[in-house]
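>>> sharing a model prediction with you, sequence too.
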Amino acid sequence: MESTRTERADTEEEPATDSGRAPLLIVLALGALTALAPLSLDMYLPALPGVADDLGVAASTAQLTLTACLVGLAVGQLVVGPLSDALGRRPPLIVGMAVYTAATFACAFAHDATALLGLRVLQGIAGASGIVIARAIVRDLFDGVAAGRFFSTLMLVSGAAPVAAPLVGGQLLRVTDWRGIFLVLGAVSAVILVLTVAAVRESLPPERRSGGALGATLRTMGGLLRDRVFTGYVLTGALAFAALFGYISGSSFVIQDIYGASAQTFSLLFGLNGVGIVIAGQLNGHVLLGRFRMERLLAAGLAVITAAGAALVALALVHAPLWAVVAALFVLASGMGLILPNSTALSLQRAGHAAGAASALLGTAQFLIGAAAGPLVGLGDGGSALPMAATILTMSLAACAACVLLTRPQALAPSRTAD
């Protein structure tokens, strides 16, 4: 494997250490950038029934506005990731964040569902720059366990978004509607843009950049995908994320429409589950890593979400009370705190200097497979939580299969670096 750390740029890049520590402002900036996906999705969740009513569309169409954003996030990463390998991390990051901010404000003025769907796709494409480049910057600076610890640290910041976003969204619905939520989200993204300009320095020096040709980019991605273990970790993380997105896209209708909870109650329950992700992520980064291999922690997380998915199916079949469903969803969310940082670090450590391309493949797989899970939640009986529960269990089992079949025996497989 090539050098486990990218050499420090001769410019104004902040130093990184093997322990995975970095200046607080950089942690905040990168954490905020990785939080763009939950911010774009979760703040808006309590308003989904209101969107359907206001625009005169079915609940499934309102859910498609989530899917549209995910598709944009997936496609954008395929473009921006390799672009950042060629041009450096900072220029495409700043441009993407500026477009994301403008598209977010424009969503507030969408006059029909078609316009909102189009703007959500654009919002996702632009927001992909922050997500994919933030991961690539971490890979530029850290590797191995240090990268796993740093990704866990980022979850302390980015994990706060699933906690705060629905709470803020639910409270905003007391004084405004879904359009007002987009206005607030636009203001938040403007703050993130300013923080990015101020804190994020270039982490990829010119001598390590790719040529930028389409053929070279495709060869790099092809080389990464031919690495069975890399592909296994990517699919494991993506399928687990799809299980989480099954919960994200279906929970507002299950909790509000089926169980009759208010938007404010839903936001509180959703935020509680976000706390589970944060706690598990910090436990992973500060206690478990270093004592256990990342592969074992990933396997433990997969076992947790599969058990939660099976419990949810059983609870849906017997029409269990809300507290039981919420408890199972909390376990599901907590398991993701072990899966996301470890699957990300394990896949990116095999990517060498092609961190942008690898991050793009990782993120695109997550959001495309997650987007496919969204419509599945809307199938079947609208008065039951079973479609959501079945989607979560199916994706969890698929993640386990990808991990077992493709990443084993990982210890015997040499790390590969993309050309």
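Right, received. Where do you want to start? Residues are numbered from 1 along each chain as shown.
>>> residue 147 contacts residue 349, doesn't it?
Yes - at 6.3 Å, residue 147 counts as touching residue 349 under the criterion of CB atoms under 8 Å. Using the backbone N, CA and C atoms, a C-beta is placed for each residue, glycine as well.
>>> what do those two both touch?
Shared contacts of residue 147 and residue 349 (CB atoms under 8 Å, 6 or more residues apart in numbering): residue 139.
>>> can you give me the helices in the stretch 251-400 of the chain?
263-283, 294-317, 322-348, 355-377, 386-406 (DSSP state H, counting those that start in this stretch).
>>> turn those into CSV, columns for mean pLDDT.
Shown next, in CSV, are these (pLDDT from 0 to 100):
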stretch, mean pLDDT
helix 263-283, 82
helix 294-317, 95
helix 322-348, 91
helix 355-377, 81
helix 386-406, 94
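>>> nearest to residue 84, of the ones you listed?
Residue 84 lies closest to helix 355-377 among the helices of the stretch 251-400 of the chain, at 4.2 Å (CB to CB).
>>> tell me which of the helices of the stretch 251-400 of the chain sits nearest to residue 58.
helix 355-377 (12.0 Å).
>>> can you name every helix or strand that the closest one contacts?
helix 59-87, helix 113-141, helix 214-226, helix 228-252, helix 322-348, helix 386-406 (3 or more CB pairs under 8 Å, 6 or more residues apart in numbering; DSSP states H and E).
>>> in a markdown table: those helices, plus mean neighbour count.
A markdown table is the format used below for the helices and strands packed on helix 355-377 (neighbours: other CB atoms under 10 Å):
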| stretch | mean neighbour count |
| --- | --- |
| helix 59-87 | 24 |
| helix 113-141 | 26 |
| helix 214-226 | 15 |
| helix 228-252 | 26 |
| helix 322-348 | 24 |
| helix 386-406 | 22 |
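>>> so which of the ones you listed is nearest residue 270?
helix 228-252 (6.5 Å).
>>> quick check: residue 157 touching residue 32?
Yes - the criterion here is CB under 8 Å, and residue 157 meets it with residue 32 at 6.4 Å.
>>> the more surrounded of those two?
residue 32 (26 against 18; other CB atoms under 10 Å).
>>> which one, of the helices of the stretch 251-400 of the chain, ends up nearest to residue 123?
helix 355-377 (12.8 Å).
>>> CA atoms only for the closest one - export them in PDB, please.
C-alpha atoms of helix 355-377 as PDB (Å, rounded to 0.1, in the frame of the first residue of the first chain):
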ATOM      1  CA  ALA A 355      -9.700   9.500  -2.200                       C
ATOM      2  CA  GLY A 356     -12.100  11.700  -4.200                       C
ATOM      3  CA  ALA A 357     -13.000   8.900  -6.600                       C
ATOM      4  CA  ALA A 358     -13.400   6.400  -3.700                       C
ATOM      5  CA  SER A 359     -15.400   8.800  -1.700                       C
ATOM      6  CA  ALA A 360     -17.700   9.400  -4.700                       C
ATOM      7  CA  LEU A 361     -18.300   5.700  -5.200                       C
ATOM      8  CA  LEU A 362     -19.000   5.300  -1.500                       C
ATOM      9  CA  GLY A 363     -21.400   8.100  -1.300                       C
ATOM     10  CA  THR A 364     -23.100   7.400  -4.600                       C
ATOM     11  CA  ALA A 365     -23.800   3.800  -3.600                       C
ATOM     12  CA  GLN A 366     -25.200   4.900  -0.300                       C
ATOM     13  CA  PHE A 367     -27.600   7.500  -1.700                       C
ATOM     14  CA  LEU A 368     -28.700   5.500  -4.800                       C
ATOM     15  CA  ILE A 369     -29.500   2.400  -2.800                       C
ATOM     16  CA  GLY A 370     -31.000   4.600  -0.100                       C
ATOM     17  CA  ALA A 371     -33.200   6.300  -2.700                       C
ATOM     18  CA  ALA A 372     -34.400   2.900  -3.900                       C
ATOM     19  CA  ALA A 373     -35.400   2.000  -0.400                       C
ATOM     20  CA  GLY A 374     -37.600   5.100   0.000                       C
ATOM     21  CA  PRO A 375     -40.400   4.000  -2.400                       C
ATOM     22  CA  LEU A 376     -40.500   0.600  -0.900                       C
ATOM     23  CA  VAL A 377     -41.700   2.100   2.400                       C
END
